[in-house]
Structure formats: C-alpha cells, structure tokens
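Visitor: curious how this folds, go ahead:
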Amino acid sequence: MILSQGGFRQTVFAACALASVVFSPANASGPASVEVSARPISQFRIGHDEKQFGPLEFVGGLEMTSPSRDFGGLSALRFLKAGGDFIGVADTGYWFFGTVARDADRRPVGIQNFRMQQMVDQNGQPVDEKSEVDAEGLAVKDGVATVGFERNHRIAQFNVDPSNMKASFKQLDFLVPVQELRQNRGFETVTHANAGGRHQGSLVVVSEKSLDKAGNIYAAIIEGPLKGVFTVTRNGDFDITDGAFLPDGDLLLLERSFTMEGGLRMHLRRIHGESVEKGAVADGPVLLEADMGYQIDNMEGLDVWTRDDGALMVSLISDDNHSILQRNLYLEFILYQN
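Guide: Alright, predicted model coming up:
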C-alpha cells in the first residue's frame, strides 16, 4: 500500500507527490524477463559495522533497481527453495519470480532470472483495474499461492506455475466482517501455521490496520480446528505489513510506521503463538526497531526460512511505491532462538 498521513498519500519524505507511472504492455502469455541490478548492503545501521541487533544478526542486503517501468511495488515474497528461488506479488497486479544469488559466505550478492507477469482474469486477459489486483499478502504451500487483496477485499488461491500464472481457481472465506475492513488497510499478512503445531498448518490472515472498537487489529484463522476471528494489539502507531510463523509456533510480524514527527520506522514483533486463537487478543514483544538511521524503506514483505546450515533466517523486502524517492530493498537476518 501507499503510505498515508493525515488522510493524504505521501512518500516517506512527505516532500513530493509520487512519480507518475506508465506501465508497459502486459505479458499475458507468461512471465517476461526484467533486468534487475543489485547493490550489496553490508551495513544495516548506516555508518556502523555492528551486525548484532538484539536476537537478530544482519547478514546482508541488496538495493535493487531496474530500467523496467513495471519493476517496483513489491509487496510480498516467499521462497520456493530456501534462500534461492522465490515468488512474490506486487500491488500493481504483477507476479514476480527470481533467485537470490549468494557468495561463498552465503551473503546475498544479486538477483538472477527476475521475471514479471501481470495477473489475469478467468478469460486469461490482463487485469488493469487497480482495485481488483491490489495484491498485498502471499502464502505458498503444496504448489498453491494464497494471495490477500485490498480494496476489493478477498483471499484468492492460484496454482503456482512460474512459466505461466493463470487466474484464481478459488476464493476463501476470510471470516472478518467485510464492513470492518478499511479500503486500503486489508489483509497484508497471509501465512500458513506450522503443520505439526496446534494450528495444524491452517491459514492465518492479519489486516494492516482494520481496527475493532478497542483499537485492536482484525485477524483470523480461516481454516482448521481453531478457525475463528481474533485481534492483534496495535503497537503504537505501527501498522502490520506481513508475517510468518516461526518453528516454535510464534508468529513473527513486520510492522511499519510513518509520521511527520517520527519519520519512517520498522518493527519486527514476535506474537506469542498461544495467543493466536479465536476471540483472543494476540500480542508479543518487539525484537527489532529501526528508523531512517538504518537501511530501511517502506518495508512490506517478510519470509522465514531455514538455511542449509540450520540457521533460522528472516528476509524482508520493501515497496518503493514506484516513487523516485523510495527504494526496493532486500534485507536478510539470522534470528537466534532462546
């Protein structure tokens, strides 16, 4: 989504209107290759070499640019192969695919084989209407991509075919009353719980900033034995932009704040797994907080995966809103467990 303040959409610098974007013709027959350049990021805190930030260790990152006018607006990313091949959605109605390239020390050094494909309708035609393809959240399991859309709020499922993505084959009941969902504050977190945990692999969705009367954020377990609506305690002025379950059953949430006074900030918050339950108010501690003194931007996407040496990894991406004042970032951390 586009950052907003006081009812007006603004960039993180609140200085200029968003750059106008003219999209190139859609490719409805399959993903098209897109040239992406990546500048490695070695410092998370700008001007400092420290690597440890609470329980998180910064591994490295990338600042991604492209001459393609379609590139950008990256809202969610999930790895198809741990730390390598990925699939994602952009809020402009595109799928994207690619591979993170790494050096001998497993640090990210580039993006390879990046492709994009515009989302299509049941007739296989590209969908140009923003309200129909404002894709914000993504979960992948057993060859099925589950996508959360804002504006026309829905949770839709697609067969994953990196060679040619087709239309949705199913829509799911998201349980939260649709009148409670704000137009541009819908389901940005779509994630599967752990198959062996208490939620038995169920899909869990969390809205960005659709609040109940108590000011808590609407969420739901939309399938399985614990199916039902719950809420998440809102953390100050932070909104929730993505999430993924950890191996122990806790839910790691990515949160973002933008205010005129505080500027742009990011949180990683660990929600206690036992509080993800019908009728409950879920909450948990903040593991990481960063502001503009760190290499962050409009952080929108998160994935959790396990590296080949057993390290638990957290990957983040940002959405540049197709603005010349913002950046597309990929950041990577090791999360150390107690």
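
Visitor: show me the shaky parts of the stretch 51-200 of the chain.
Guide: 183-184 (pLDDT under 70).

Visitor: how much space separates residue 261 from residue 290?
Guide: 17 Å (CB to CB, to the nearest Å). Any C-beta I mention is one placed from the backbone N, CA and C, and that applies to glycine too.

Visitor: neighbour count: these two, which is higher?
Guide: Between residue 261 and residue 290, residue 290 has the larger neighbour count (other CB atoms under 10 Å), namely 18 against 5.

Visitor: in this structure, which residue is closest to the centre?
Guide: residue 301 (2.2 Å; CA atoms, centre = their mean).

Visitor: who are the contact partners of that one?
Guide: Counting by CB atoms under 8 Å, 6 or more residues apart in numbering, residue 301 makes contact with 74-77, 88, 138, 241-242, 254, 316-319.

Visitor: just those now: which is nearest residue 57?
Guide: Nearest to residue 57, judged by CB to CB, of the contacts of residue 301 is residue 316 at 13.8 Å.

Visitor: so the closest one touches residue 335, yeah?
Guide: No. Look at residue 316 against residue 335 with CB atoms under 8 Å: they stay out of range, at 11.7 Å.

Visitor: who has more neighbours out of the two?
Guide: Neighbour totals were compared for residue 316 and residue 335, and residue 316 leads with 24 against 19 (other CB under 10 Å).

Visitor: for the closest residue to that one other than its chain neighbours, grab phi and psi.
Guide: Excluding the flanking residues, the one nearest residue 316 by CB to CB, 6 or more residues apart in numbering is residue 331, at 4.4 Å. When read as degrees, to the nearest 10, the backbone of residue 331 gives phi -130, psi 150.

Visitor: which residues touch residue 331?
Guide: Each residue near residue 331 by CB under 8 Å, 6+ apart is listed here: 41, 44, 58, 61, 295-296, 315-317.

Visitor: list the contacts for residue 110?
Guide: 38, 40, 62, 100-101 are the contacts of residue 110 under CB under 8 Å, 6+ apart.

Visitor: the residues you listed, buried ones only, as a ChimeraX selection?
Guide: Those of those that count as buried under 16 or more other CB atoms under 10 Å are selected in ChimeraX with:
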select :38,62,100
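
Visitor: I'd guessed residue 243 sits against residue 250; true?
Guide: No. In this structure residue 243 lies outside contact range of residue 250 using CB under 8 Å: 10.4 Å.

Visitor: the contacts of residue 301 in strands, which ones?
Guide: Among those, DSSP state E puts 74-77, 88, 138, 241-242, 254, 316-318 in strands.

Visitor: most neighbours among those, please name it.
Guide: Greatest neighbour count in those, by other CB under 10 Å, goes to residue 76: 31 neighbours.

Visitor: can you flag the buried ones in the contacts of residue 331?
Guide: For the contacts of residue 331, a burial check counting by 16+ other CB under 10 Å picks out 41, 44, 58, 61, 295-296, 315-317.

Visitor: between those residues, which sits nearest residue 206?
Guide: Among the buried ones among the contacts of residue 331, and counting by CB to CB, the member closest to residue 206 is residue 316, at 16.3 Å.

Visitor: and the closest one, how far from residue 161?
Guide: Per CB to CB, residue 316 is found 26 Å from residue 161.

Visitor: same check, this time on residue 274
Guide: Applying CB to CB to residue 274 and residue 161 gives a distance of 37 Å.

Visitor: and what of residue 234?
Guide: As judged by CB to CB, residue 234 and residue 161 stand 38 Å apart.

Visitor: compare the two (neighbour count), which wins?
Guide: It is residue 234, of residue 234 and residue 161, that has more neighbours when counted by other CB under 10 Å, with 18 against 14.
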